[in-house]
Structures are given as C-alpha cells and as structure tokens.
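In: With the sequence up front, the predicted model follows.
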Amino acid sequence: MTSTPPADLAALRADIDRIDSAMHDLLMERGRIIDRLIAVKKTSASGSAFRPGREASMMRMIAERHQGLLPLDTVEGIWRVIIATFTYVQAPFAVHADVSGGDAPMRDSARFHFGFTVPYRPHPSAAAVIAAVAASRGDLGVFRLDQGVTAGAWWRQLAGPNRPKVIARLPFIERPGHPAGTPVFCIAKPLDDPAAAQRDWVLYAARFERWREEAAEAVAELGGEVVASAGLSGGLSQLLAMPGSVGPEEARAALAQAGAAPGEFEEIGSHAARFRVGEG
C-alpha cells in the first residue's frame, strides 16, 4: 500500500512544478521576443547575431548575483545554452574547433559554451579553424591559447581588414575546477556592428626584426602581456595583448623606445577582461 506523502512535502513538490512551468513559459516568451527581434533586425542571415560584449556583461552579472544551493557551473551552463541557442535560431552557425591538443577539452568547451544544437566541427590545427571560419557565412572558431611552437605564428592569419578576428576569450568566468576551463580564443568574421565587440583587451599581431628584454618590460609597464611568439624568416612575430585603454600608437612608441620598433603592428581582435571567482 502506497502511503500518502505529508502535506508539506506535497506542497513543496507543487511549488517545484509551478516553478518548472513558469521557467518553460518564460523560455517560450523569450522565443517569441526573438521572433520579433529577427523581424526588426533582419538577422536571419548566418553570422549576424553575435554580441560578445553583451554576452560577457550578462555572464558577469549572473556570477556576481548568484547565491544559494545551485552550483555556479550549472547556472552558467544553463545561461550559455540559452544564449547560444537563441543566437543560433536568429542566425544559424557552426563552431569549428582545433583538436590538435585533444578532442575532449575542445568538445567540452564547445558544448558548455554553445550547447548541443549548434553543430560542432573538429579540425587538425588553429590554421585550419581560421580557414574554415574565413570560408563560412558566419561560423565561429575556437582554439587553445597555448598552441605551442609547432603551430607557428597562427595569429598572423587573422591580420587584414576582412579576415576573422578574435571576439572572445573563454570561459567568460574563470574559477578553479571549471568544467570547461581550457582557455580558448573564439574567432568570427568581422562583426557587422563594431560596437558589439568587447574591448577590455585588444590583441595585436606584431613583427620585429629583433626583440629585447626591455621591450617585454615596456609591454608589461603598459599593463599588457606577450601571449605567444614564433620565429619568422629574418625576425620574430609576437601576439600581444594590450589593455583597451592603450592605443596602438602608444604601444608602438613604447616598443620603439625600448629598442624594438615593430615592422608590423595590426589589431587582430579583442575580448572582455577575465572575470575570476573563487571556489564555492
């Protein structure tokens, strides 16, 4: 004989059912608003709905206000799937991933940040990802920051006015034990609306005939960092990350004063500042 649950337990389950229905209603309402947004913005064409600055702000707000029993991993994952899926229904896209360092961490990153509705396309190198994004109507690409010396100066393939650019550094929220914590750059074709970009950090592809330790110190004094380096015939290529408050001419001048005037110095993208939270 099945016993009847206590009245307070039945009431709590009824509250959970009510909340679940309300969440579903809100998701459907969000879908109806997206329908109207598509009509207003005419973003049904692939690749025209990315707003990395807005996404970064939303994720930071969620992390700052979150409290209670539910892990932040779960909340972040839910919101990432909602954001990415509704972006996909506005303007379909695929995510191309460099799996040269292993498929599992890249697949984890892609699924955590873009969900399962968005197609996942593995590639053997960062260069192949860049080529795939360049040839697409509006796909995204992801690859690890730590490419290693064998990858060469892959960032130079992002130089040029119509070439793909870095639009984000993932994960948006950094913390110990993140389920998709592999640091990756996310690239896309140049955004239709430059104001949609997040420019806390700006990335530059720079070429030098010679590099001095004083130049690295000059970059650090400006608050920047050397993300990656690769040798070239007759010189060195550097991927530099500079605070958005530092203009390219100021950076060039500081490097020249340090004895390392760049022969090339071209912006290849930007991303939001890294937002860190502790454990728990």
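Out: Sure thing, it's come through.
In: Now do the end-to-end distance for stretch 143-155.
Out: Stretch 143-155 stretches 11 Å from its first residue to its last (CA to CA, to the nearest Å).
In: what comes into contact with that stretch?
Out: With contact meaning CB atoms under 8 Å, 6 or more residues apart in numbering, stretch 143-155 is reached by 97-98, 100-101, 105-106, 125-127, 129-130, 169, 182-185, 187, 203, 205, 227-228, 230, 232, 237, 239, 268. C-beta here means a position set from N, CA and C on the backbone, and glycine is covered the same way.
In: try 6 Å
Out: Outside of stretch 143-155, the residues that reach it under the criterion CB atoms under 6 Å, 6 or more residues apart in numbering are 98, 101, 126, 127, 129, 183, 184, 205, 230, 237, 239, 268.
In: What of stretch 99-111?
Out: Contacts for stretch 99-111 (CB under 6 Å, 6+ apart): 95, 97, 120, 122, 124, 125, 144, 180, 182, 184.
In: looking at this structure, which helix or strand does the model trust least?
Out: Lowest on mean pLDDT, DSSP states H and E among the helices and strands of the chain sits strand 275-276, with a mean of 88.
In: State whether residue 207 is indeed within a strand.
Out: Yes. Under DSSP: H, G, I helix; E, B strand; the rest coil, residue 207 falls within a strand.
In: Show the contacting residues for it.
Out: Taking CB under 6 Å, 6+ apart, we find residue 207 in contact with 235, 237, 263, 264.
In: Please repeat the previous calculation with a cut-off of 7 Å.
Out: Going by CB atoms under 7 Å, 6 or more residues apart in numbering, residue 207 touches 232, 235, 237, 262, 263, 264.
In: just to revisit the earlier point, of the contacts of stretch 143-155, grab the buried ones for ChimeraX.
Out: The buried residues among the contacts of stretch 143-155 can be selected in ChimeraX (16 or more other CB atoms under 10 Å) with this line:
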select :98,101,126,127,129,184,205,230,237,239,268
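In: Can you flag which of the contacts of stretch 143-155 belong to helices?
Out: Here DSSP state H is the test, and the contacts of stretch 143-155 give 126, 127, 129 as lying in helices.
In: right, and the last one touches residue 98 too?
Out: Yes. Taking CB atoms under 7 Å as the contact criterion, residue 129 and residue 98 are neighbours in contact, 4.8 Å apart.
In: Find the residue closest to residue 214 in space, skipping its chain neighbours.
Out: Residue nearest to residue 214 in three dimensions, not counting chain neighbours: residue 258, with 4.1 Å by CB to CB, 6 or more residues apart in numbering.
In: Quick check: residue 138 is in a helix.
Out: No. Residue 138: not assigned to a helix; according to three-state DSSP it is coil.
In: quick one, phi psi at residue 115?
Out: Dihedral angles of residue 115 (phi, psi; degrees, to the nearest 10) stand at phi 80, psi -170.
In: what's near enough to touch it?
Out: Listed by CB under 7 Å, 6+ apart, the contact partners of residue 115 are 81, 84, 85.
In: Among the residues you listed, name the ones in helices.
Out: 81, 84, 85.
In: now, among those residues, which is nearest to residue 37?
Out: Among the ones in helices among the contacts of residue 115, residue 85 lies closest to residue 37 (CB to CB), at 14.1 Å.
In: ok, that closest one - contacts?
Out: 115, 117.
In: re earlier: give me the contacts around the least confident helix or strand of the chain.
Out: 60, 63, 172, 173, 174, 175.
In: How far off centre is stretch 251-263?
Out: Distance of stretch 251-263 from its chain centroid, counting by CA atoms, centre = their mean, to the nearest Å, is 29 Å.
In: which residues are contacting it?
Out: Residues from elsewhere that reach stretch 251-263 (CB under 7 Å, 6+ apart): 206-212, 214-215, 217-218, 222, 242, 265.
In: repeat that for 10 Å
Out: For stretch 251-263, the surrounding residues in contact (CB atoms under 10 Å, 6 or more residues apart in numbering) are 202, 204-219, 221-222, 224, 234-238, 240, 242-243, 246-248, 265.
In: Just the ones of those residues in strands?
Out: In this view, those that belong to strands under DSSP state E are 202, 204-208, 235-238, 240, 242-243, 265.
In: beta partners for the residue most central in space within the chain?
Out: Nearest to the geometric centre of the chain sits residue 168, at 3.0 Å (CA atoms, centre = their mean). Residue 168 forms beta bridges with residue 186, as assigned by DSSP bridges.
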